[in-house]
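Novice: What follows is a predicted protein model with its sequence.
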Amino acid sequence: MDVTSIIESLNDNQRQAVTAPSKALLVLAGAGSGKTRVLVHRIAWQIQVEGLAAQCILAVTFTNKAAKEMRSRIENLLNVPTHNLWIGTFHGIAHRLLRRHTQQAKLPESFQVMDSGDQLRVIKRLLATLNLDDSKWPPREVQWYINAQKDEGIRARHMLETPDNHQRQMLSVYKAYEILCDRSGLVDFAELLLRAHELLRDNQDILDFYQQRFQQVHVDEFQDTNTIQYAWLRLLTEGKDNLFVVGDDDQSIYGWRGAKIENIYSFQKHYPNHEVIKLEQNYRSTGTILKAANKIIANNSGRMGKELWTDAGDGEPCSLYAAFNEQDEAYFVVDRIKNWVNEGGLRSDAAILYRSNAQSRQFEEKLMATATPYRVYGGLRFFDRAEIKNALAYLRLMSNHDDDASFERVINTPTRGIGAKAIDDIRTIARDQNLSLWASAIVLINQGTMTGRATHALISFLELIKSFEQQSQDVELYEKVKLIIEKSGLIALYQKEKMDKGEEKVDNLEELVNAARLFDFDQQNEEGMGELDMFLTHAALESGDSQGDEFEDCVQLMTIHSAKGLEFKLVFLVGLEENLFPSQQSVDDVSRLEEERRLCYVGMTRAMQKLYLTYAESRRLYGRESYPRPSRFLREIPTELIQEVRMRGTINRPITPVQTKATYLQSTSSYQLGQRVSHEKFGEGVVLQLEGSGAQERVQINFKQVGIKWLMLSFAKLEAL
């Protein structure tokens, strides 16, 4: 049998993985090492060489796009249709199982799948039925709570009553939600996975059938699986050792949404006869980029371990730029992109990667100022984000009571007890009497036809807007914006979401304050407009249609999380500062800090030819000014791999000078970040930070018993564990 087409294009390790005997196999696939190729060729090998029927193979991935690509590549490789092959996402495969076995799954044949938006609307109606104020019980927080329990395989009936009032109420809502969905035949995304697991677990005949049918089970991006996904994979392969997984513990960056890096480690315990094959040859990045990324990720403990390499040469050093401030950083990046384009490069081959969405605003402004097309990948432009539009609508309504669009947007955001009927009545009066909605609201109040509660709520809203006018007189523009986002209740609204999305919205609102502070009124003012009106016009012009579309040659802007799986010839990894990257929430938590380091590793390995790393000596972000230290991740890169870029003299230095440069980036300490140590008084701990040198060298340690301490190394008498 001629198998040249299947294995000829593979390197030695890829070929070993593709042709391995049927057994539990973990392919540890580094960034850019050809993991999809291995999965595709493995399935082709099993069909053509081992004689497996297509319907006996299951392949699970995380996106429909990846599943479609896998199927297409297998068909092209074998030159035969593979319609019987079960390739799909976890949710897609789970849905397929439930449709085939609705009775055993205790579902009606016509059950309906809710997307995230549908689920949120159901939860909002449920909270209203239960007479729960959604300002105290935010629907998104309830949605997150329910889905988090299901992702762990936990039903409401499994949970014990608790004396905590908040948890007890959440459990009550979860129970009511389950009853409502069962009665209505509704299934959310998390339910698809949980119920598919229960279907297999509780019906031995069905489990036996699928265990016999699926003689080989393949999983892509295994490091991103959550508890329930891994649980039903184990059921399908129980006692069979026929699970083939491809993953990378160094690219596990979704712990915040339930992914369990522990699964990739547990695999070796649950499948004791397993084999591990490492794919370390990289086909994407230069040698220098890979060496720098390897050095950073090596600081994480508990790794399975691998060393990416390439035979394509070292390429240029990684460039490091220390900006004076965030504006200088954006000017530098946009200037380098202009040079790239002038030298014949495509804008779409250049990407700006940042830790937080709020960082995008400075780069968007500089790109627009230079008429450089750009696209925010996987997200909205800064001024297009809902929370920003809400804040701007308050400002517009304060400036102009007759702005009907702004009136409608914020009259019940946050909810303040003005019902749909009252709003319809306001619209009717406005239409019949040719009035603005604001004037119509006053008419409705004077008519006295509403309930006392609704009347009070509407009066309070109008008085709130008027109070903004009074309190914002003779204050700076940024103070007006700050007043609006705080007094309107927007900050409190998003803080209650208790999720990363809520934190991000608060960050964006605080960045809007910063945008107002930096707004250059004198340069923008050409029509004799007031400062607030000019700022609102500026925001309107920066939103909407000016973003390049998907197929235009545009600079790509995105968070590092959104960049996973992508690659670009030119990459700018920006904002490498303590408390920004790594994030402030992670610096005191070893597990979260290690995920931040993996995120940095992912960002660096997106670069194919050239990587720029930037940080600012002074940064105003989220409405606050700081003088941050460069990120510890920079210190972990050997100096011989970095070339500092100097572009001085165009922007003033911050008032307070901050020592930066390579003197900070390197440490001569014998200890490493993440290392476990013991102290005779404080007990065991983990090294979080290292600073200084010689007699001034100091270390920050998170001790199990006493928490975080800074110690002078010359006196600490630490013992490495």
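Specialist: Thanks, I have it.
Novice: Mind telling me what element the closest residue to Trp86 other than its chain neighbours is part of?
Specialist: When the adjacent residues along the chain are set aside, Trp86 lies closest to Leu58, with 4.6 Å between them (Cβ to Cβ, 6 or more residues apart in numbering). Glycine gets a C-beta too; all of them are placed from N, C-alpha and C. Assessed by DSSP states H and E, Leu58 sits inside strand 57-61.
Novice: what helices or strands is that strand leaning on?
Specialist: Counting contacts by 3 or more Cβ pairs under 8 Å, 6 or more residues apart in numbering; DSSP states H and E, strand 57-61 packs against helix 35-48, helix 64-78, strand 86-89, helix 90-100, strand 216-219.
Novice: Residues touching the longest one, excluding its own?
Specialist: Defining contact as Cβ atoms under 8 Å, 6 or more residues apart in numbering, one finds that helix 64-78 is touched by 5-6, 36, 39-41, 43-44, 47-48, 59, 61, 81-82, 85, 87-89, 92, 220.
Novice: repeat for the first one
Specialist: Taking Cβ under 8 Å, 6+ apart as the criterion, the residues outside helix 35-48 that touch it are 1, 3, 6-7, 9-10, 14, 17-19, 27, 29, 52-54, 57, 59, 66, 69-70, 73-74, 77-78, 82, 85, 216, 218, 220, 244, 246, 248, 279.
Novice: thinking again about what came up before, could I get the helices and strands packed on strand 57-61 as a markdown table with mean pLDDT and distance to Asp182?
Specialist: Formatted as a markdown table, those follow (pLDDT from 0 to 100; distance: least, Cβ to Cβ, whole Å):
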| stretch | mean pLDDT | distance to Asp182 |
| --- | --- | --- |
| helix 35-48 | 92 | 37 |
| helix 64-78 | 87 | 28 |
| strand 86-89 | 90 | 24 |
| helix 90-100 | 91 | 14 |
| strand 216-219 | 95 | 30 |
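Novice: closest to Trp710 out of the ones you listed?
Specialist: helix 35-48 (42.0 Å; Cβ to Cβ).
Novice: just to revisit the earlier point, my guess is the residue nearest to Trp86 meets Asp220, correct?
Specialist: No - the pair Leu58 and Asp220 does not pass the contact test of Cβ atoms under 8 Å, sitting 11.8 Å apart.
Novice: Which secondary structure state is assigned to Thr614?
Specialist: Here Thr614 is recorded as strand under DSSP: H, G, I helix; E, B strand; the rest coil.
Novice: Quick check, it in contact with Leu573.
Specialist: Yes - with the criterion set as Cβ under 8 Å, Thr614 and Leu573 qualify as a contacting pair; they are 7.3 Å apart.
Novice: Point to the residue nearest the middle of this protein.
Specialist: Among the residues of the chain, the one closest to the centroid is His561, at 4.8 Å (Cα atoms, centre = their mean).
Novice: which residues does that one contact?
Specialist: With contact taken as Cβ under 8 Å, 6+ apart, His561 is in contact with 253-254, 599.
Novice: which of those residues has the most neighbours?
Specialist: For the contacts of His561, counting by other Cβ atoms under 10 Å, the largest number of neighbours falls to Leu599: 26 neighbours.
Novice: Just give the closest residue to it, not the sequence neighbours.
Specialist: Ile253 (4.8 Å).
Novice: Three-state assignment for that neighbour, please.
Specialist: Of the three states, Ile253 takes coil according to three-state DSSP.
Novice: what about Arg427, how many neighbours?
Specialist: Using other Cβ under 10 Å, Arg427 is surrounded by 14 other residues.
Novice: Give me the distance between it and Lys421.
Specialist: When distances are taken as Cβ to Cβ, to the nearest Å, Arg427 and Lys421 turn out to be 11 Å apart.
Novice: Doesn't Val443 belong to a strand?
Specialist: No - the assignment for Val443 by three-state DSSP gives helix, which leaves it out of any strand.
Novice: Next up, the contacts around it.
Specialist: Applying Cβ under 8 Å, 6+ apart, one finds that Val443 lies in contact with 429, 433, 435.
Novice: can we see that at 10 Å?
Specialist: By Cβ atoms under 10 Å, 6 or more residues apart in numbering, Val443 lies in contact with 425-426, 429-430, 433, 435.
Novice: hmm, which of the contacts of helix 35-48 are the buried ones?
Specialist: Of all the contacts of helix 35-48 considered here, the ones buried according to neighbour count by 16 or more other Cβ atoms under 10 Å are 6, 10, 14, 17-19, 27, 29, 52, 54, 57, 59, 66, 70, 73-74, 77-78, 82, 85, 216, 218, 220, 244, 246, 248, 279.
Novice: next one: the strand or helix carrying Glu463 to chain centre, how far?
Specialist: Assessed by DSSP H and E, Glu463 sits inside helix 452-471. Mean-position distance between helix 452-471 and its chain equals 37 Å (Cα atoms, centre = their mean, to the nearest Å).
Novice: What's the first helix or strand after that helix?
Specialist: Scanning forward in sequence from helix 452-471, with DSSP H and E defining helices and strands, the next element found is helix 477-487.
Novice: one step back: overlap in contacts of Leu58 and Asp220?
Specialist: With the criterion set as Cβ under 10 Å, 6+ apart, the overlap between the contacts of Leu58 and Asp220 is Ile87.
Novice: Could you list the low-pLDDT ranges of this structure?
Specialist: Applying pLDDT under 70 to the chain flags residues 1, 379-380, 498-500, 520-529, 537-538, 540-551, 622-623, 647-669, 692-696.
Novice: what's the distance between Phe519 and Tyr478?
Specialist: With distances defined as Cβ to Cβ, the gap from Phe519 to Tyr478 amounts to 8 Å.
Novice: Residues that sit against both of these two, list them.
Specialist: Shared contacts of Phe519 and Tyr478, defined by Cβ under 10 Å, 6+ apart, comprise Phe535.
Novice: Just to check, Lys389 is in contact with Ala539?
Specialist: Yes - taking contacts as Cβ atoms under 10 Å, Lys389 lies within contact range of Ala539: 9.0 Å.
Novice: Would you mind telling me which of the two has the busier surroundings?
Specialist: Of the pair Lys389 and Ala539, Ala539 is the one with more neighbours under other Cβ under 10 Å, namely 22 against 17.
Novice: before we move on, what SS does that one have?
Specialist: State at Ala539, reduced to three classes by three-state DSSP: helix.
Novice: Contact partners for the residue in the chain sticking out farthest from the centre?
Specialist: Taking Cα atoms, centre = their mean as the measure, the residue most remote from the mean C-alpha position of the chain is Gln447, 49.5 Å away. With contacts taken as Cβ under 10 Å, 6+ apart, Gln447 has the following neighbours: 425, 429, 455.
Novice: cool, and Val27?
Specialist: Taking Cβ under 10 Å, 6+ apart, we find Val27 in contact with 13-14, 16-18, 20, 33, 35, 38-39, 42, 218, 222, 244-248, 275-279.
Novice: mind listing which of those residues are in strands?
Specialist: Among those, the subset assigned to strands under DSSP state E consists of 218, 244-247, 275-279.
Novice: just to revisit the earlier point, what's the ChimeraX syntax to select whichever of the contacts of helix 64-78 are buried?
Specialist: With 16+ other Cβ under 10 Å as the criterion, this ChimeraX line picks the buried residues out of the contacts of helix 64-78:
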select :6,36,39,40,41,43,44,47,48,59,61,82,85,87,88,89,92,220
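Novice: quick one on the thing from earlier: how is the residue nearest to the centre of the chain assigned, secondary-structure-wise?
Specialist: Secondary structure for His561, judged by three-state DSSP, is helix.
Novice: From Arg303, how far out is it?
Specialist: Taken as Cβ to Cβ, the spacing of His561 relative to Arg303 amounts to 20 Å.
Novice: Ser399 too?
Specialist: In this structure, Ser399 and Arg303 are 55 Å apart, going by Cβ to Cβ.
Novice: if you count what's nearby, which of the two comes out ahead?
Specialist: Taking neighbours as other Cβ under 10 Å, Ser399 and Arg303 compare with Ser399 leading, 18 against 15.
Novice: Quick one: residues contacting the more buried one.
Specialist: By Cβ under 10 Å, 6+ apart, Ser399 lies in contact with 406, 468-469, 472, 480, 530, 532-533, 535-536.
Novice: For those residues, pick the one with the most neighbours.
Specialist: Ser406 (25 neighbours).
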